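Participant: Predicted model, plus sequence, below.
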Amino acid sequence: MQPIDRKKYWQTNLRYVAILLSVWFLVSYGFGILMVDELNAIRLGGFKLGFWFAQQGSIYVFVILIFVYVWLMNRLDKRYNLGE
Amino acid sequence: MDIQTWTFIIVGLTFALYIGIAIWSRAASTKEFYIAGGGVSPLANGLATAADWMSAASFLGMAGIIAFSGYDGSVYLMGWTGGYVLLALLLAPYLRKFGKFTVPDFIGDRYYSNIARTVAVIAALFVSFTYVAGQMRGVGVVFSRFLDVEVNTGVYIGMAVVLFYAFLGGMKGITYTQVAQYCVLIFAFMVPAIFISIMATGNPIPQIGMGSTGSDGIYLLDKLDGLMTDLGFTAYTDGSKSTRDIFMITAALMLGTAGLPHVIIRFFTVPKVKDARKSAGYALLFIAVLYTTAPAIAVFTRTNLMETVQNTPYNEIPSWFTNWENTGLIAWTDKNGDGKIQYLPGSAIEGKKPLFTEGRGNFGQRLISNVGNTDNELYIDRDITVLANPEIAGLPNWIIALVAAGGLAAALSTAAGLLLVISTSISHDLIKKQFAPDISDKKELLIARLSSLMAVVIAGYFGINPPGFVASVVALAFGLAASSFFPAIVMGIFSKRMNREGAIAGMVAGLGITCYYIARYKLGWIGNPASNTSDHWWWGISPEGFGTIGMLVNFLVAIIISRFYKAPPTEVKALVERIRIPSGAGEAQKH
């Protein structure tokens, strides 16, 4: 692998990580903690929305985030021929 | 058949299964003993990681903690799952590519320093011993409650079983028993949860049932909020902790999760870098099944409890109540002499546990000597939430036995993972890397087995004679992992400039300030005891949440100090370059 490719590969990885961790922060610390009172004014069936994010929603999003990262990185590895 | 016969049969069968797996998966080399030869499939590793992670506390305790703290319990739900996102995105793939056996291996090589390695070994040992003592105790407690043996005998039986597969199989044996243990524990957790959800709401999926309506057409959560506020409790869906403290505790638990050595080493066992990412996803998926069900169980149980006991005459109470009263985990003291149970805010008793006296009261209730001066008449040990659920819901005896087997699976799987970290730290990080680098693989394997034997004995000792501060040191374990390993590993991967001096100074500063704060405000070992109250906490942060500050201190000190010393040598920079690219992670062995 060329040094220039290494650099591009790493930059792309860092961008993916930054985006996914922003979502991670938003659903847990944002929706579940800092904005919980505002969101609790909105209802999701029997749940107050903020409470739902704190005890259910954030966990579902965490699982999805990891699988999205797996998918993005597998695609990136293929593009750079890092098929192990 | 009665509960006890069922418990003997089901627990006996699961133990036979674990031992069978242990014999099948004996380890022949140190690579097999430490990391299962690096040939575990991502799915199997996900299952094993989930079992490794979910301890007796997750299985037996968490639903209860949430049931009795409502929204405040969210810190555990988010804290103990969100850390896996950090693991998958920031740590696991790179540590797998690094391709050695332990976390101190990485710290020692990346920071080209045996001092850094030693700091890491000490932190790993401390965190793991703290944790394992609680697990062995959990094994003893489940035995004593369901099989009618002494707590200590239960600990001995648990030690014997863990030793069997940890000694023979090392990581390989542990991995495949953990896979079996996950299946046992999740089945045991979900079956009662589904039954209870159907009974409460008619919906078989607890996660949905939690937000549904009961038979009276009112949303369950609204009803619970109403029941609680009417009696003067804080509403279930509102917290009583400050937002800042909730934030800090959640962060400390997440960062601690991502820094716990027994979780991290699980990602050394898969064949490829992409498998490490994928198995983190599987692990969190399997953990999420339990962690999203627990808050639902909490709501069902709390509602059921409030409706069943409030203002109910003691002699009309269901039999589960008196059964648990007989074990001492429920206590009722009739303060106003009306023969009915009043369940109100505040503690019904002085101190932490009810002190029972001989004899019975007017209504046949057990008497206690440490009655508190609130109007609340009911003491409930929150640990019974999961254990009593099948009984409260009137489920058949075999399900109750299954819950016992599930609790044991949760405790044993976590204990085994921790014991492996302890034995590896001793045989590999200390003896092989520091004192006797020339020993043969065979000899190192023997030392690894002997240290696992020693670790089991020490863990068993702590299980039988638990140090008084065990419960509070769990905070310490997470705080220490958050303030030492997490920053050191992240900077080791993401910064080529971070050098030996910066990393060591950062770890020592992070560990130091976290230890100080917990010793000061959690254990009360130093400082004026009079000032050991929440009013004196720094910025209102509880000791449980202080690991977050420790982590920030570690980063800050490391970055500043590293600027004053020269950059790491070229071979270390090459190492960092190498772990960032996934190809060629080293051969794996087929199982």
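Facilitator: Perfect, I can see it now.

Participant: Chain neighbours aside, what residue packs nearest to B:Met54?
Facilitator: B:Ala410 (5.5 Å; CB to CB, 6 or more residues apart in numbering or on different chains). Yep, even glycine has a C-beta here, placed from its N, CA and C like the rest.

Participant: what's the next secondary structure element after the helix or strand hosting that neighbour?
Facilitator: In this structure, B:Ala410 is located in helix B:397-424 according to DSSP states H and E. Toward the C-terminal end, the helix or strand that comes next after helix B:397-424 (DSSP H and E) is helix B:441-464.

Participant: Check which helices and strands that next one sits against.
Facilitator: For helix B:441-464, the elements it packs on are helix B:30-35, helix B:114-146, helix B:151-201, helix B:397-424, judged by 3 or more CB pairs under 8 Å, 6 or more residues apart in numbering or on different chains; DSSP states H and E.

Participant: From the chain's centroid, how far away is the second one?
Facilitator: Taking the mean C-alpha point of helix B:114-146 and that of its whole chain, the gap between them comes to 11 Å (CA atoms, centre = their mean, to the nearest Å).

Participant: Buried residues of that helix, list them for me.
Facilitator: Buried residues in helix B:114-146, counting neighbours by 16 or more other CB atoms under 10 Å in any protein chain shown, are found at B:116-121, B:123-146.

Participant: and if you look at stretch B:448-467?
Facilitator: Result for stretch B:448-467 [16+ other CB under 10 Å]: buried residues B:448-449, B:451-452, B:455-456, B:458-460, B:462-464, B:466.

Participant: Could I get the average pLDDT for that stretch?
Facilitator: Throughout stretch B:448-467, pLDDT has a mean value of 81.

Participant: and what of stretch B:6-19?
Facilitator: 88.

Participant: contacting residues around B:Ser452?
Facilitator: Residues touching B:Ser452, when contacts are defined by CB atoms under 8 Å, 6 or more residues apart in numbering or on different chains, comprise B:Leu163, B:Ala166, B:Phe167, B:Gly170, B:Leu419, B:Leu420, B:Ile422, B:Ser423.

Participant: For chain A, see how far away B:Thr201 is.
Facilitator: When distance is defined by CB to the nearest CB, to the nearest Å, B:Thr201 is 9 Å away from chain A.

Participant: how near is the residue lying closest to B:Leu450 once chain neighbours are set aside to chain A?
Facilitator: When the adjacent residues along the chain are set aside, B:Leu450 lies closest to B:Ser427, with 7.8 Å between them (CB to CB, 6+ apart). As defined by CB to the nearest CB, B:Ser427 lies at a distance of 30 Å from chain A.

Participant: Number of residues surrounding B:Ser427?
Facilitator: Neighbours of B:Ser427 under the rule other CB atoms under 10 Å in any protein chain shown: 25.

Participant: do B:Leu355 as well
Facilitator: B:Leu355, neighbours per other CB under 10 Å, totals 14.

Participant: For residue 13, identify the helix or strand it belongs to.
Facilitator: I'll assume chain A. Take DSSP H and E as the rule and A:Asn13 turns out to sit in helix A:3-25.

Participant: That was the other one, I meant chain B.
Facilitator: Secondary-structure assignment from DSSP H and E places B:Leu13 in helix B:3-24.

Participant: quick one, which residue of chain A lies the farthest from its center?
Facilitator: No residue in chain A sits farther from the centre than A:Gln2, which is 29.5 Å out by CA atoms, centre = their mean.

Participant: What ranges does chain A have for its strands?
Facilitator: For chain A, the strands identified by DSSP state E occupy A:43-44, A:47-48, in order along the chain.

Participant: Which strands or helices does the last one pack on?
Facilitator: Other elements packing on strand A:47-48 under the criterion 3+ CB pairs under 8 Å, 6+ apart are absent; no helix or strand qualifies.

Participant: who touches that strand?
Facilitator: Under the criterion CB under 8 Å, 6+ apart, residues A:Leu39, A:Asn40, A:Ala41, A:Ile42, A:Gln56, B:Met210, B:Gly211, B:Leu221, B:Thr237 lie in contact with strand A:47-48.

Participant: Out of the residues you listed, grab the one that's most surrounded.
Facilitator: Counting neighbours by other CB under 10 Å, B:Met210 leads those with 28 neighbours.

Participant: contacting residues around it?
Facilitator: With contacts defined as CB under 8 Å, 6+ apart, the neighbours of B:Met210 are A:Gly46, A:Phe47, A:Gln56, B:Ser197, B:Leu220, B:Leu221, B:Pro295, B:Ala296, B:Val299, B:Phe300.
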